[in-house]
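Undergrad: any chance you can model this:
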Amino acid sequence: MRRMFNAVLHPQTLKYVPQFPGSMAAAPDRMKRWFAQKWVLDNIIRVIGVEWDQGRIAYSISIAGSADGTVELRQVASRVRRWSDIHREYLKVAMRKEKLAKASEEEGHYVTSREHYFWASIFYAFATWPIHDDNHPNLVMCHERKNHCYDKVIRYAPHPMERVEIPFEGKSIAAILHKPSGSEGRKLPWVISIPGMDVFKELMHPLYGDKFLERGFGVLSVDGPGIGESLNPKRKIPLTEDNFAKAGRACIDYLKTRKDVDPENICVYGVSMGSFWAVQVASYNNEQLRATAVSMPCFEPGHKTLLNSASPSFKMRYMFMTNIYDEKEFDAFASKLSVKGLGRKITKPFMIVAGEDDELAPITDAYAFFEELAGPKKMLTYEGEIHALPNVYWLHIVADFLHDRVSGKPMTSDSIYVDTMGREVPGWTPFKPSI
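TA: Down below sits the predicted model:
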């Protein structure tokens, strides 16, 4: 019989040390469907692999803008056969990347070093994703190693970067600030960048070819409540029904203290579940923003499909994000999550990029929100596309939209259906034939 264990990383030697669990409670019984379907989930992972719930390898490479992590991503994919493998395998490749980074750094190969440190930080963050327990022996360590590696990225980065702490409700929100090269002494338009529930601030913006920096934006990439570093037990800022809106206000207030910020041109960008939080930020701070753009919208009331029909890992993660471990209490909390009524408060330009066959959030709810928006608006719905929009250049689309808005370019409101040949059907709704 195979004995199950967790692993502790010794930070000085970077040795992988197996440790059998003592009082570490994964609490599988906190969610009925997780407990009942765990054997199904493990068998699905065994057949499909680590991308059973969404194409995380593809989107990791596309968002990160670098293929240097491909080898390790494929190694993880080849070795993961069940849920319990995910943390261990990501931890192993993170350790390997950090060793490579340190060796390159000692040789004075700083470009190589920053690439390895970048991916090491990403893999340490991925290693935290399957953890739903504040007492897990590796959780704090992974956050700390991630930060150590990313501090090296900042040191050797090809464009100006800063680590910033934004005061918020007696604690602080962790963020990474990016500026385009050659922008010293200029006031810039800025984008507050909001990740989804499976992503984090380090992954949102690459070392090279960032779509926003290339268009002259500064970027504030934020681990808001319940995301990324906010789940480090040493910081823990759980997600509540509406605290992301207030976190957005804190980010705006912080940006307005900087001399390199054009306060009239602050925008918001959200991806996946970050689209939901971006709506909260935009509605709560409407007068202080120039425009908002979202992709992979999650606008279903109560996120019913995501939490009750999709992989049970989504609900387990969301419960951990909120620090609510009683399922009935969480269900009551989730039932109140809605964008209904918020669109009427948004009078600034808003864009939605969505997939027609989104398996995590019905397109009809995205369109209902689009209809409710009070200001200039544009919605692009792509034929047959799923949640992750794997065949859509959505980063270019949202970056161009926001750039046009800060440039003062006029826009026409419309809902457009884009078929697989790139043909556009204006005036589209989910309730009439697409072609």
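Undergrad: just the CA trace of stretch 333-351, in CSV.
TA: Presented in CSV, the C-alpha positions along stretch 333-351 are these (Å, rounded to 0.1, in the frame of the first residue of the first chain):
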residue,chain,number,x,y,z
PHE,A,333,-22.9,33.5,1.7
ALA,A,334,-22.6,32.5,-2.0
SER,A,335,-26.4,33.0,-2.6
LYS,A,336,-25.8,36.7,-2.1
LEU,A,337,-23.1,37.1,-4.7
SER,A,338,-24.5,38.9,-7.6
VAL,A,339,-23.7,41.7,-10.1
LYS,A,340,-27.4,42.5,-10.5
GLY,A,341,-28.0,46.2,-10.0
LEU,A,342,-24.3,47.1,-10.2
GLY,A,343,-24.4,47.8,-13.9
ARG,A,344,-26.7,50.7,-13.4
LYS,A,345,-24.0,52.4,-11.3
ILE,A,346,-21.4,52.1,-14.0
THR,A,347,-21.5,55.0,-16.4
LYS,A,348,-17.9,54.7,-17.6
PRO,A,349,-16.9,52.5,-20.7
PHE,A,350,-17.0,48.8,-20.0
MET,A,351,-15.9,45.8,-22.2
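Undergrad: what comes up buried for that stretch?
TA: Using 16 or more other Cβ atoms under 10 Å as the test for burial, stretch 333-351 gives 333-334, 337-339, 342-343, 345-346, 348-351. Yep, even glycine has a C-beta here, placed from its N, CA and C like the rest.
Undergrad: buried ones in the helix or strand containing Tyr150?
TA: Assessed by DSSP states H and E, Tyr150 sits inside helix 139-156. By neighbour count with 16+ other Cβ under 10 Å, helix 139-156 contains the buried residues 139-143, 145-147, 149-150, 152-154, 156.
Undergrad: stretch 237-245 now?
TA: For stretch 237-245, burial by neighbour count (16+ other Cβ under 10 Å) applies to 237, 239-240, 243-245.
Undergrad: show me which of those is closest to Ser311.
TA: Nearest to Ser311 out of the buried residues of stretch 237-245 is Leu239 (Cβ to Cβ; 19.3 Å).
Undergrad: contacting residues around the closest one?
TA: Leu239 sits next to 224-227, 321-322 when contact means Cβ atoms under 8 Å, 6 or more residues apart in numbering.
Undergrad: who wins on neighbours among those?
TA: With neighbours taken as other Cβ atoms under 10 Å, the top of the contacts of Leu239 is Gly224, carrying 32 neighbours.
Undergrad: rewinding a little: show me the contacts of Leu239 that map onto strands.
TA: Judged by DSSP state E, the contacts of Leu239 include no members of strands.
Undergrad: now render the residues you listed as a markdown table, adding distance to Met31.
TA: Shown next, in a markdown table, are these (distance: Cβ to Cβ, whole Å):
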| residue | distance to Met31 |
| --- | --- |
| Gly224 | 23 |
| Pro225 | 21 |
| Gly226 | 17 |
| Ile227 | 20 |
| Met321 | 13 |
| Thr322 | 13 |
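Undergrad: just the ones of those in helices?
TA: By the criterion of DSSP state H, membership of the contacts of Leu239 in helices covers 321-322.
Undergrad: ok, then the element right after the lengthiest strand in the chain?
TA: Longest strand in the chain by number of residues, with DSSP E as the criterion: strand 261-271. The element immediately downstream of strand 261-271 (helix or strand, assigned by DSSP H and E) is helix 273-284.
Undergrad: contacts for that following helix?
TA: 192, 194-197, 199, 224, 242, 244-249, 268-270, 289, 292, 294-299, 303, 337, 339, 342-343, 345-346, 348, 350, 352, 369.
Undergrad: tell me where the stretch 1-150 of the chain has helices.
TA: 32-48, 56-64, 70-79, 83-106, 110-128, 139-156 (DSSP state H, counting those that start in this stretch).
Undergrad: stretch 317-325: how far from the chain's middle?
TA: 16 Å (Cα atoms, centre = their mean, to the nearest Å).
Undergrad: kindly export that stretch (C-alpha atoms) in CSV.
TA: Taking C-alpha atoms only, stretch 317-325 is exported to CSV below (Å, rounded to 0.1, in the frame of the first residue of the first chain):
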residue,chain,number,x,y,z
ARG,A,317,-11.1,26.8,-3.0
TYR,A,318,-13.8,29.4,-2.6
MET,A,319,-14.6,28.3,0.9
PHE,A,320,-10.9,28.6,1.8
MET,A,321,-10.8,32.1,0.2
THR,A,322,-13.7,33.2,2.4
ASN,A,323,-12.6,31.4,5.5
ILE,A,324,-16.0,29.8,5.8
TYR,A,325,-15.7,26.1,6.5
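Undergrad: now do that stretch, average pLDDT.
TA: Here stretch 317-325 scores 96 as its mean pLDDT.
Undergrad: that older thread, could you give the angle of the helix holding Tyr150 to helix 83-106?
TA: 30 degrees (axes from the mean of the first three to the mean of the last three Cα atoms, to 10 degrees).
Undergrad: who touches the residue lying closest to Gly355 once chain neighbours are set aside in this structure?
TA: Of all residues not flanking Gly355 in the chain, Glu385 sits nearest, at 3.2 Å (Cβ to Cβ, 6 or more residues apart in numbering). Glu385 makes contacts with 354-358, 391-392, as judged by Cβ under 8 Å, 6+ apart.
Undergrad: returning to that earlier point: so which of the helices of the stretch 1-150 of the chain is the most surrounded?
TA: helix 110-128 (a mean of 24; mean count of other Cβ atoms under 10 Å).
Undergrad: how's this protein carved up into domains?
TA: 1-19+34-156, 159-435 (automatic domain parsing).
Undergrad: going by mean pLDDT, which of those domains comes out lowest?
TA: Mean pLDDT is lowest for domain 1-19+34-156 out of the domains of the chain, coming in at a mean of 84.
Undergrad: ok, back up a step: among the buried residues of stretch 237-245, which one sits closest to Asn308?
TA: Leu239 (18.2 Å).
Undergrad: pretty sure the closest one sits in a strand.
TA: No: counting by DSSP: H, G, I helix; E, B strand; the rest coil, Leu239 is not found in a strand; it is coil.
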